[in-house]
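Q: Build me a structure from this.
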Amino acid sequence: MASFVERMIGAAKLSVPTYEEVENDPGATGQALLVVVLSSLASGVALRGEGGQGFIAGLIGALAGWVIWAFTTYVIGTRILRTPETQANLGQLLRTIGFAQAPGILRVLGFLPFLRWIVLTVTGIWIIAAFVIAVRQALDYRSTGRALLVCLLGFVFYIVVFGIFMRLLGVAMPGTSAELAPGM
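A: Numbers count the residues shown, from 1 in each chain. Next comes the predicted model:
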């Protein structure tokens, strides 16, 4: 069994055996939570330039996003896009998706204002790639395309919920007029 750090590195490297290991280890749920917390803290640091609300939004948003995306993925993957091989429970998705957030720890580099949205974009894309691997393994899909579709559907739902949450806290999202307006 790999150590916690080895699992985080394996997850960031998109290692299929790492995702299989955490999927099948109920004891790894706490580790997955810790990865999400570390990634969430890094998001908070990256968004702290938006003020105290940015830190809180980044932290809470990433934690809530983990649960929302795992649940959404579970429903889509086991109910709507189920295959005959699909056998999964919410715990397996929480673990694999939790470890898929390992690249998010690099968001801490977003504390530099000129790097913030670049770092958030790159780590976001990296996390999506990790999520596809995590979902494919947790849902026992043979097709990466099916896993990608589940992730895309879950991602759309996540972005809508996260965007609403950020707006409620008054934090501008990249590409919005609020981001471009001086003094906002």
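Q: From here on, just use CA atoms for contacts and neighbour counts.
A: Will do.
Q: In this structure, which residue is most central in space?
A: Gln101 (4.7 Å; Cα atoms, centre = their mean).
Q: So, low pLDDT: which residues of this structure?
A: Along the chain, segments meeting pLDDT under 70 span 48-55, 57-59, 166, 169-184.
Q: where do the helices sit along the chain?
A: Counting by DSSP state H, the chain has helices at residues 4-12, 16-23, 29-47, 52-75, 90-100, 116-138, 144-168, 177-180.
Q: In JSON lines, list those along with mean neighbour count and distance to Val108.
A: Shown next, in JSON lines, are these (neighbours: other Cα atoms under 10 Å; distance: least, Cα to Cα, whole Å):
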{"stretch": "helix 4-12", "mean neighbour count": "19", "distance to Val108": "15"}
{"stretch": "helix 16-23", "mean neighbour count": "21", "distance to Val108": "24"}
{"stretch": "helix 29-47", "mean neighbour count": "24", "distance to Val108": "4"}
{"stretch": "helix 52-75", "mean neighbour count": "21", "distance to Val108": "11"}
{"stretch": "helix 90-100", "mean neighbour count": "28", "distance to Val108": "17"}
{"stretch": "helix 116-138", "mean neighbour count": "21", "distance to Val108": "9"}
{"stretch": "helix 144-168", "mean neighbour count": "17", "distance to Val108": "19"}
{"stretch": "helix 177-180", "mean neighbour count": "13", "distance to Val108": "20"}
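Q: now these as CSV including distance to Pro84?
A: What follows is the helices of the chain, written out as CSV (distance: least, Cα to Cα, whole Å):
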stretch, distance to Pro84
helix 4-12, 26
helix 16-23, 19
helix 29-47, 26
helix 52-75, 15
helix 90-100, 18
helix 116-138, 14
helix 144-168, 13
helix 177-180, 46
